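**Q** I would like the atomic coordinates for the input below:
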Amino acid sequence: MRIDKPEISGLIVLFIGVGLLAFTFLNAFWLLSEDINILGTQDLVAAFGQALAPLVATCIHIMYLGIMGWIGSLLTLRGIPLLTHPKSTVAQPTPAPAIPITGAKPAKTEVKAKEKPRQEEIEKPQPPVKPQEEPKKEPEKPEVTIEVRPPEEAAAETPREPSASQSPSQA
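**A** Numbers count the residues shown, from 1 in each chain. Prediction:
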């Protein structure tokens, strides 16, 4: 039985992860099996002062155990796929047929490439044909043309009438 490199590394990572998890659970057991002392005192401030130090130490222990358990489980999860990963086989190259060296050139062999199907042969689904709606016709508007003339032409065509304030002698 031959063991490959991925299997060896998988076994190493798996055993390190399982060992770290076992050590974490043993530490947690030892932490919980310690004798818990309940303080009985009349002074409330002194009781908090005496209880605070063990509480901080216990919180640090719990964080330590949590991180160790997390890392141990990650290592175990990484080691299992390395062991169960299917072995990849490398195909041995086949030797090319030996061509005798002579004065004659070897005959060329024609290699036909796969022909691509022509566009006509490929059936494309046609989108459904929607009936075209007739455009709505607007009622016809009569055309109006406006002729714009320059002021000189307009003044030349219309004769000036004297205004009522002017007298005919002044004109």
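**Q** for the residue nearest to residue 79 when sequence neighbours are not counted, give me phi and psi.
**A** Distances taken as Cβ to Cβ, 6 or more residues apart in numbering put residue 14 closest to residue 79, at 3.0 Å, once the chain neighbours are dropped. In short, each C-beta sits where N, CA and C put it, glycine included. Dihedral pair for residue 14: phi -60, psi -50, per degrees, to the nearest 10.
**Q** residues contacting residue 14?
**A** The neighbours of residue 14, taking Cβ atoms under 8 Å, 6 or more residues apart in numbering as the test, are 75-76, 79-80, 82-83.
**Q** what do you get if the cut-off is 10 Å, keeping everything else the same?
**A** Counting by Cβ atoms under 10 Å, 6 or more residues apart in numbering, residue 14 touches 75-83.
**Q** which of those residues sit farthest apart?
**A** Maximum pairwise distance in those, criterion Cβ to Cβ, is 12.8 Å, between 75 and 83.
**Q** what's the overlap in contacts for those two?
**A** The contact lists of residue 75 and residue 83 share 13-14, where a contact means Cβ under 10 Å, 6+ apart.
**Q** who has more neighbours out of these two?
**A** residue 75 (19 against 14; other Cβ atoms under 10 Å).
**Q** was I right to think the more buried one contacts residue 21?
**A** Yes - the pair residue 75 / residue 21 is scored as a contact, 8.5 Å apart, by Cβ atoms under 10 Å.
**Q** next, count neighbours for residue 66.
**A** Residue 66 has 12 nearby residues by other Cβ under 10 Å.
**Q** before we move on, what about residue 21?
**A** So residue 21, with other Cβ under 10 Å, has 18 neighbours.
**Q** residues in contact with it?
**A** Contacts of residue 21 by Cβ under 10 Å, 6+ apart are 68-73, 75-76.
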